[in-house]
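A.B. asks: Fold the following for me, if possible:
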Amino acid sequence: MAETPAGAAHDYNQAIQDLGAVLCRAARPDCPNCPVQSRCRAAALPKRRELPREGDRSARPRRYATLLLARDDGGRVLLQRRPERGIWGGLWSLPSLDDEQILVDSSLRAQVLERYAAAVGLVLHEQSLGPVQRHTFSHFSLEYAVLHASLRVQAVADKGSPLLCWDLAAALQLGLPSPIRRLLEQLD
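C.D. replies: Take a look at the predicted model:
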């Protein structure tokens, strides 16, 4: 490949990206229609149909979380405003209990739930843990399970609080991360 032309780096980079997206695809590369085929190292190889290879998706680091889906007797859902920095910054989400062991150890899960409830001033009763799911970000994968619980004490009703109970229709109007929105849309 030629060097990046002086003064036209943006256009050159865009052209190379377009070439890769349209012709030099991992599945079914279109080598006969490629304008740079005569200078392409991959085209000169006997195994050119195996190039380009997709990146190893398993190399992405994993993080783990248990999302707390707590509802009160009126069906309202407990949501927490995420800190401005970090994943889902500033969005409303289900409270997260970040610990890989919670996903596999039910006795630890009960202890962590108790500690969390005491720390935020709620009375929660665990009901069930859903299956482990995955949400993929550009730089890591989040493996999570949803811990369904019933909320026995009304949550803080102050709009300035990071932890509030929301009517389901109102909750769906908030800024929510896409996996949380999907979970809430599935509730009755």
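A.B. asks: Got the phi and psi for the residue nearest the centre of the chain?
C.D. replies: When Cα atoms, centre = their mean is applied to the chain, the residue found nearest the centroid is residue 135 (3.9 Å). When read as degrees, to the nearest 10, the backbone of residue 135 gives phi -120, psi 130.
A.B. asks: what do you get for residue 109?
C.D. replies: According to degrees, to the nearest 10, residue 109 has phi -60, psi -50.
A.B. asks: pLDDT wise, what is it at?
C.D. replies: Note on residue 109: pLDDT of 73.
A.B. asks: and it, what is it in contact with?
C.D. replies: 66, 102, 126, 129, 147 (Cβ atoms under 8 Å, 6 or more residues apart in numbering). Just so you know, the C-beta spots here come from the backbone N, C-alpha and C atoms, and that holds for glycine as well.
A.B. asks: Which secondary structure element is home to the last one?
C.D. replies: Element membership of residue 147, judged by DSSP states H and E, is strand 141-151.
A.B. asks: Can you give me the buried ones in that strand?
C.D. replies: 141-142, 144-147, 149, 151 (16 or more other Cβ atoms under 10 Å).
A.B. asks: May I have it as CSV, with CA atoms only?
C.D. replies: These are the backbone C-alpha positions of strand 141-151, laid out as CSV (Å, rounded to 0.1, in the frame of the first residue of the first chain):
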residue,chain,number,x,y,z
SER,A,141,-18.0,-8.1,27.4
LEU,A,142,-20.4,-7.8,30.4
GLU,A,143,-21.8,-11.1,31.6
TYR,A,144,-24.8,-10.5,33.9
ALA,A,145,-27.8,-12.2,35.4
VAL,A,146,-30.9,-10.6,36.7
LEU,A,147,-31.8,-11.1,40.3
HIS,A,148,-35.6,-10.7,40.7
ALA,A,149,-36.6,-9.4,44.1
SER,A,150,-39.6,-8.0,45.7
LEU,A,151,-39.3,-4.6,47.4
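A.B. asks: any idea how far the helix or strand just after it is from the chain center?
C.D. replies: Proceeding N to C from strand 141-151, the next assigned helix or strand is strand 163-166, under DSSP H and E. Distance of strand 163-166 from the chain centroid (Cα atoms, centre = their mean, to the nearest Å) equals 22 Å.
A.B. asks: Strands of this protein, start to end?
C.D. replies: Using DSSP state E, the strands of the chain run over 62-71, 77-81, 92-93, 96-97, 124-129, 133-136, 141-151, 163-166.
A.B. asks: JSON lines please, covering these and showing mean pLDDT and distance to residue 12.
C.D. replies: Formatted as JSON lines, these follow (pLDDT from 0 to 100; distance: least, Cβ to Cβ, whole Å):
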{"stretch": "strand 62-71", "mean pLDDT": "87", "distance to residue 12": "36"}
{"stretch": "strand 77-81", "mean pLDDT": "90", "distance to residue 12": "43"}
{"stretch": "strand 92-93", "mean pLDDT": "93", "distance to residue 12": "41"}
{"stretch": "strand 96-97", "mean pLDDT": "80", "distance to residue 12": "43"}
{"stretch": "strand 124-129", "mean pLDDT": "78", "distance to residue 12": "51"}
{"stretch": "strand 133-136", "mean pLDDT": "88", "distance to residue 12": "30"}
{"stretch": "strand 141-151", "mean pLDDT": "86", "distance to residue 12": "33"}
{"stretch": "strand 163-166", "mean pLDDT": "81", "distance to residue 12": "49"}
